[in-house]
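**Student:** I would like to see how this sequence folds:
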Amino acid sequence: MYTGIVQAVAPVTDIIRHDGYTEFHVEFPARLVEGLQIGGSVSVEGVCLSATSIRGNTVTFDAMDATLSRTNLSDLKVGDGVNIERSAKPTDENGGHAIAGHIATTATLVGSKSEMPGAHIRFSVPEDWAKYIFPRGFLAVNGASLTVAEAEGNVFQINLIPETLRQTTFPRYTVGDKLNIEVDHQTMVMVDVVERTLTRLLDKRQ
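**Tutor:** Residues are numbered from 1 along each chain as shown. Got it, this is the predicted structure:
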């Protein structure tokens, strides 16, 4: 599990494509390599990946083609930075919200506006996922825990403070780019339960 508080932006130093999966080599800050073991879970742009190799400060992750198809990892290039968060310990403070690193969908950046000292960014999501996004609700966007400022139809807006812009990869993204979205699990469960209950009640009345 993760908290959604990005600990570093780390550069991708190599990408090696294989049959069925892709290797990503990421140069970690020394402080985040300490204690990391092979098989350890790390949030990379919001995607839960396991470390397969650690050489110095370079950590390697394998992403299956299925993961690439539903995330934006397939868009990464050597030199790009990625949001990094080590898995949380039970004693860690949770300054964000509980995140699993299981990406639901990608959102397309449809507009951005810089307004000192921060920025407003608007995204569109597939219709099937829009029902889980509410104003003042939580989302993980590329692994960062964020509050939804506005939501209408399948478009939502998040407001970014300067610290978030400084500590994450958001400044790299432009209109048309895709970002990874993890919806709040509790919100998803409640929406699905209400939807199923209403469907059953309506079916009984017919």
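
**Student:** and the gap between T67 and F61?
**Tutor:** 10 Å (Cβ to Cβ, to the nearest Å). (Glycine included, C-beta is placed from N, CA and C.)

**Student:** equivalent analysis for N72, please.
**Tutor:** 15 Å.

**Student:** how about residues contacting the strand or helix carrying R166?
**Tutor:** Using DSSP states H and E, R166 sits within helix 162-167. Here helix 162-167 makes contact (Cβ atoms under 8 Å, 6 or more residues apart in numbering) with V6, A8, V9, P117, G118, A119, A144, L146, F170, P171.

**Student:** one more time with 7 Å
**Tutor:** Helix 162-167 is contacted from outside by V6, P117, G118, A119, A144, F170, P171, using Cβ atoms under 7 Å, 6 or more residues apart in numbering.

**Student:** list the contacts of the nearest residue to A119 once chain neighbours are set aside.
**Tutor:** Leaving out its chain neighbours, the residue that sits closest to A119 by Cβ to Cβ, 6 or more residues apart in numbering is L160, at 4.8 Å. By Cβ under 7 Å, 6+ apart, the contact set of L160 is G118, A119, I121, F170.

**Student:** pairing partners for the helix or strand where the third one lies, with directions?
**Tutor:** According to DSSP H and E, I121 maps onto strand 118-124. Based on DSSP bridges, the pairing partners of strand 118-124 within the sheet are strand 105-115 (antiparallel), strand 155-160 (antiparallel).

**Student:** could you dump the helix ranked longest in the chain to PDB, C-alpha only?
**Tutor:** Assignment by DSSP state H gives helix 185-205 as the longest helix of the chain. Provided in PDB are the C-alpha atoms of helix 185-205 (Å, rounded to 0.1, in the frame of the first residue of the first chain):
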ATOM      1  CA  HIS A 185     -11.600   2.100  -3.400                       C
ATOM      2  CA  GLN A 186     -14.200   3.000  -0.800                       C
ATOM      3  CA  THR A 187     -15.900   5.400  -3.200                       C
ATOM      4  CA  MET A 188     -16.000   2.700  -5.900                       C
ATOM      5  CA  VAL A 189     -17.500   0.100  -3.500                       C
ATOM      6  CA  MET A 190     -20.200   2.500  -2.300                       C
ATOM      7  CA  VAL A 191     -21.200   3.600  -5.900                       C
ATOM      8  CA  ASP A 192     -21.300   0.000  -7.100                       C
ATOM      9  CA  VAL A 193     -23.400  -1.100  -4.100                       C
ATOM     10  CA  VAL A 194     -25.900   1.700  -4.600                       C
ATOM     11  CA  GLU A 195     -26.100   1.100  -8.300                       C
ATOM     12  CA  ARG A 196     -26.700  -2.700  -7.800                       C
ATOM     13  CA  THR A 197     -29.300  -2.000  -5.100                       C
ATOM     14  CA  LEU A 198     -31.200   0.400  -7.200                       C
ATOM     15  CA  THR A 199     -31.200  -1.900 -10.200                       C
ATOM     16  CA  ARG A 200     -32.600  -4.800  -8.100                       C
ATOM     17  CA  LEU A 201     -35.400  -2.500  -6.700                       C
ATOM     18  CA  LEU A 202     -36.300  -1.300 -10.100                       C
ATOM     19  CA  ASP A 203     -36.400  -4.800 -11.500                       C
ATOM     20  CA  LYS A 204     -38.800  -5.900  -8.700                       C
ATOM     21  CA  ARG A 205     -41.200  -3.100  -9.600                       C
END
